[in-house]
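In: any chance you could fold what I've pasted below:
(2 chains, ligands or ions: 1)
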Amino acid sequence: MKKLHISTSLAALMLAGALGAAYGADYSPVTDARLKNPEPQNWLMTRGNYQGWSYSALDQINSTNVKSLTPVWNIATGVDSGHEAPPIVNNGVMFVATPYSQVMAMDAATGDFLWRYKRKLPEGFAALHNTSRGVALYGDKVYLPGLDAVLVALDAKTGKVAWEAKVEDWKTGYYMTMAPLVVKGKVLVGVAGGEFGVRGFVAAFDAETGKPAWKTYTVPAPGEPGSETWEKPDTWKTGGASTWMTGNYDADTNTVYWGTGNASPWFGDQRPGDNLYTSSTVALDGDTGKMKGHFQYHQNESWDWDEMNAPMLVDFQKDGKTTKGLLKPARNGYLYWLGRNEDGTINYLNSQAYVPQNVFKSVDPKTGRPDVDVAHKPSTGKAAKFCPGLWGGKDWPYEAYNPKTGMVYIPSNENHCNTLEGKVEKRVLGQWWTGVAVPDLNFSVDTKAGFYGELQAYDVNTGKRAWRDLYANSMNWGSVLTTAGGLLFAGGTNDRMFRAYDAMTGEELWHFRTNSGVMAPPSTYSVNGVQYVAVASGWGVDPAFQQSLMAELVGWNADVPQGGSVWVFAVNK
Amino acid sequence: MLALAPWAVVRARADDPPDPTSIRPQIGDHLVYFDGPNDGKPIRVADLELGGPQVQAYPADPKGLLRDNSRLNLIIVARVGEDGMSEETRANAAEGVVAYSGVCTHQSCPVNMWSVERKSFVCSCHGSIYDPKNDADILFGPAPRHLAALPLKSENGLLIVAGPFNRRLGGEKG
Ligand code: FES
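Out: Numbers count the residues shown, from 1 in each chain, chains lettered A, B, ... in the order given. Now for the predicted structure:
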């Protein structure tokens, strides 16, 4: 079976009917042990492992043969908008979440369509981002955070609802787009809504029953540690710090690392103080959710620079010693090296800009606290221009770490800015409440720079940039996958390309033009000894909005065709 | 036999009295402020600033029963004046005041922002811009359809619903 190639896929296809019907019987339940040490042939969680590396140890597809990568199957998702979920694969079964809270299950080798779950969203429901960043697996269930802030558990074999748990009231502005993180039998979720004045939290539910286990707010209430950083009464109640991306987990210390979003409303002078734990990484106990530590990237947030992505757990060299660390390319344009301590506390080690940034005059080498240039800090009644703009040096798309090359790969954007001026606005429950209206975001770009999007590689020990690839006519919204085959896979550009790069040199080795723009994280897996690379293509949400602004600014085509589709590739020998 | 079951279900629902707080606006309904300093009061033509921006509203029956139990009933109201109004919009307007569904046809977000530059409605999610004087024609953004217009008349200075929405409500998906 090891030698099964695409040329024999006809035989596989003939078996498909039987496989499709029988697969339920041999679905392999996902256990804590499997999540801790995921088998290379599977892609059991969004980032591939608890450390958040977006790395696969598979190397059948490598820098020598990747030029022969060919599509082997493809399936339409039937919906538009931004597809942001990776194909999750467990022993030959693939699960893909799509916009509008749907999940599709396929045979990962043949593309046989097994089932679809379609959530019925409430009448009049609206979300800023109708996307999903994926499902989580545990036992024989599949977990989907519904946009309407309800966590849904599905039977992995049938797609039938096993239980539903209300996380929050969507009418108040909360919604959910991240993939859950499963830790020791609990399903952890975060919430979006930082533009609607919500108060962020991470909540855990029993994986078997859906019973709520714990809930930890990311903005402290009066009297709790950190509450002194909300100097104006009541501002904490609507303070933001949403939790809209999946956390990472250190199983050795039982610590969950979760990122938090911007403070709300957007203008810091309306909520004086540092505003903990906005734009931070929080460290939570894996059993109780109790906060063990935190690191705030910038205080009194005023740039819509969410720090929603959890840092990667990477052990790097520091002063000649291997250091248990956290590595994070932040939305604020800096790359951070942090210490991951036994007790869950986080300490600052180092940082450097990975894109030009005009807000930090310096960063305190001991604490990591930036000295902010107020000329570039927007506030109420005072316009200020800052670069990178509100989409940051990078937005949510995942960076990747390859332990074989020792490099971190960052999908980033530069030469763009925003000029914002705040207003005091009354909050209407469930409506946009940032202090600035969408038509007044004043996005601008440096048209002489020659590029906007880029893919960059840095050595995690020295911080030296190894290579970069520049995109003259596109931003980069592509999450990165890296493999032991010495490769990087990423899309992210408005030309609908999906690309493979040499991880060492940055040379583009292969590309394929898909149906739409690729914003989803790619994943890789193998079935019967054949390695596959899979990715969803489907443009929408912020990249589409930004593209329409670029159409007005520099004449790009505003129409990047939408409509989702899942592509699966293998090497045709 | 299979076909009978859904039919029976539909019958049962049709017999239930419709919830008056979530049915679409009815002829004779008032429009009531949803936010701002006059929250909860019926809208009078004279209160509205000439030239915009819009205010948000829900319909209410003449006794004041608010139909705010459905988000699809969110209405935007603006006194844009009759100058340069299209035929169609003029027919639905009262004293230069226009009303439209406040639910974006893209993905259902509230169209609650105003562009001073274009004197137009702007959606709060992805920036679609609708022309209030021309049947909510799309000037920018991903919206696929005009907003539904709500015909108005004025009685003793109060704004009254004069007819049903002129097209389908809400976004494309979801
Ligand atoms: S929902 Fe209005 S522009 Fe998208």
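In: what helix or strand does A:M94 sit in?
Out: Assigning secondary structure by DSSP states H and E places A:M94 in strand A:93-98.
In: other SSEs contacting that strand?
Out: strand A:88-90, strand A:102-107, strand A:530-537 (3 or more Cβ pairs under 8 Å, 6 or more residues apart in numbering or on different chains; DSSP states H and E). Heads up, the C-betas are built off the backbone N, CA and C, glycines and all.
In: what's the closest of those strands to the ligand?
Out: Closest to the ligand of the helices and strands packed on strand A:93-98 is strand A:102-107 (Cβ to the nearest ligand atom; 18.7 Å).
In: dump that closest one to CSV, keeping only the CA atoms.
Out: As requested, C-alpha coordinates have been extracted for strand A:102-107 and formatted as CSV (Å, rounded to 0.1, in the frame of the first residue of the first chain):
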residue,chain,number,x,y,z
GLN,A,102,-21.1,25.2,7.8
VAL,A,103,-19.0,22.1,8.0
MET,A,104,-18.3,19.7,5.2
ALA,A,105,-16.8,16.2,5.6
MET,A,106,-15.1,14.4,2.8
ASP,A,107,-13.0,11.3,2.2
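In: contact partners for the residue in the stretch 301-450 of chain A that the ligand sits nearest to?
Out: Closest approach of the stretch 301-450 of chain A to the ligand (Cβ to the nearest ligand atom) occurs at A:V438, with a separation of 8.6 Å. Under the criterion of Cβ atoms under 8 Å, 6 or more residues apart in numbering or on different chains, the neighbours of A:V438 are A:432, B:113, B:122-127.
In: go on, A:F201?
Out: A:190-191, A:215-218, A:243.
In: give the ChimeraX command for selecting the buried subset of those residues.
Out: The buried subset of these, as determined by 16 or more other Cβ atoms under 10 Å in any protein chain shown, is captured in ChimeraX by this line:
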select /A:190,191,216,217,218,243
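In: what about the residue in the stretch 51-200 of chain A that chain B sits nearest to, distance to the ligand?
Out: Ranking the residues of the stretch 51-200 of chain A by distance to chain B (Cβ to the nearest Cβ) places A:G124 first, at 2.5 Å. Taking Cβ to the nearest ligand atom, to the nearest Å as the measure, A:G124 and the ligand are separated by 12 Å.
In: hmm, A:T288 is touching A:W214, no?
Out: Yes: when contacts are counted by Cβ atoms under 8 Å, A:T288 is listed as touching A:W214 (5.9 Å).
In: between these two, tell me which one has more neighbours.
Out: Per other Cβ atoms under 10 Å in any protein chain shown, whichever of A:T288 and A:W214 has more neighbours is A:W214, with 17 against 13.
In: thinking again about what came up before, C-alpha coordinates for the strand holding A:M94, CSV please?
Out: Output of strand A:93-98 as CSV, limited to C-alpha atoms (Å, rounded to 0.1, in the frame of the first residue of the first chain):
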residue,chain,number,x,y,z
VAL,A,93,-11.6,11.9,6.9
MET,A,94,-11.4,15.6,6.1
PHE,A,95,-13.5,18.3,7.9
VAL,A,96,-13.6,21.8,6.5
ALA,A,97,-15.5,24.7,8.1
THR,A,98,-16.9,27.4,5.7
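In: one step back: phi, psi for the residue of the stretch 301-450 of chain A closest to the ligand please.
Out: Backbone geometry at A:V438, expressed as degrees, to the nearest 10, gives phi -50, psi -40.
In: do you know how far it is from B:F121?
Out: Look at A:V438 and B:F121: by Cβ to Cβ, to the nearest Å, they are 11 Å apart.
In: give me the number of residues near A:F451?
Out: Other residues close to A:F451 by other Cβ under 10 Å number 18.
In: what about the nearest residue to it once chain neighbours are set aside, which SS state?
Out: Counting by Cβ to Cβ, 6 or more residues apart in numbering or on different chains, A:F451 lies nearest to A:L470, which is 3.9 Å off, once chain neighbours are set aside. Reducing the assignment to helix, strand or coil with DSSP: H, G, I helix; E, B strand; the rest coil, the entry for A:L470 is strand.
In: verify the stated contact: A:L470 with A:N476.
Out: No: A:L470 is beyond contact range of A:N476, at 9.5 Å (criterion: Cβ under 8 Å).
In: which parts of chain A sit against chain B?
Out: Taking Cβ under 8 Å from any Cβ of the partner chain as the criterion, the neighbours of chain B within chain A are A:79-81, A:99-100, A:121, A:123-128, A:130, A:147, A:426, A:428, A:431-432, A:437-439, A:541, A:544-545, A:548.
In: can I get the buried ones among the residues you listed as something I can paste into PyMOL?
Out: Only the buried members of those end up in this PyMOL selection, burial being decided by 16+ other Cβ under 10 Å:
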select buried, chain A and resi 79+80+81+99+100+121+124+125+126+127+128+130+147+428+431+432+437+438+439+541+544+545+548
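In: now for the nearest residue to B:E117 once chain neighbours are set aside: which residues touch it?
Out: Distances taken as Cβ to Cβ, 6+ apart put A:P439 closest to B:E117, at 7.5 Å, once the chain neighbours are dropped. With Cβ under 8 Å, 6+ apart as the criterion, the residues that contact A:P439 are B:113, B:115, B:117, B:122, B:127, B:129.
In: got the contact list for the first one?
Out: Neighbour list for B:M113: A:432, A:437-439, B:53, B:121-124 [criterion: Cβ under 8 Å, 6+ apart].
In: and the residue of the stretch 451-573 of chain A that's closest to chain B?
Out: Relative to chain B, the nearest point of the stretch 451-573 of chain A is A:F545 (5.1 Å; Cβ to the nearest Cβ).
In: quickly find the element holding that residue.
Out: In this structure, A:F545 is located in helix A:541-554 according to DSSP H and E.
In: which ones are touching the residue of chain A found nearest the ligand?
Out: At 6.5 Å from the ligand, A:A126 is the closest residue in chain A, using Cβ to the nearest ligand atom. With contacts defined as Cβ under 8 Å, 6+ apart, the neighbours of A:A126 are B:71, B:103-104, B:107-110, B:125, B:171, B:174.
In: between the residues you listed, which sits nearest A:G491?
Out: Closest to A:G491 out of those is B:Q107 (22.9 Å), distances taken as Cβ to Cβ.
In: ok so, going back, who's the residue nearest to A:F451 bridged to?
Out: A:E454 (DSSP bridges).
In: tell me, how many residues neighbour it?
Out: Residue crowding around A:L470 was assessed by other Cβ under 10 Å; the count is 14.
In: who touches it in this structure?
Out: A:L470 sits in contact with A:450-451, A:453-454, where contact means Cβ under 8 Å, 6+ apart.
In: determine which two of these are furthest apart.
Out: Checked with Cβ to Cβ, the contacts of A:L470 reach their widest spread between A:G450 and A:G453, with 11.8 Å between them.
In: coming back round to it: list the pairing partners of the strand holding A:M94 within its sheet, with orientation.
Out: With DSSP bridges as the test, strand A:93-98 is paired with strand A:88-90 (antiparallel), strand A:102-107 (antiparallel).
In: any idea of the mean pLDDT in it?
Out: When the per-residue pLDDT values of strand A:93-98 are averaged, the result is 98.
In: ok, stretch A:439-450 next?
Out: With pLDDT averaged residue by residue, stretch A:439-450 scores 94.
In: quick check: end-to-end length of it?
Out: Its first and final residues considered, stretch A:439-450 spans 26 Å by Cα to Cα, to the nearest Å.
In: do stretch A:163-172 as well
Out: End-to-end distance of stretch A:163-172: 23 Å, with Cα to Cα as the criterion.
In: where does chain A dip in pLDDT?
Out: Low-confidence regions of chain A, defined here as pLDDT under 70, cover residues A:1-25, A:573.
In: could I get the full set of helices for chain B?
Out: B:4-15, B:87-92 (DSSP state H).
In: which ones are touching the residue nearest to A:K382 when sequence neighbours are not counted?
Out: Of all residues not flanking A:K382 in the chain, A:E421 sits nearest, at 6.5 Å (Cβ to Cβ, 6+ apart). Counting by Cβ under 8 Å, 6+ apart, A:E421 touches A:378, A:380-384, A:436, A:440.
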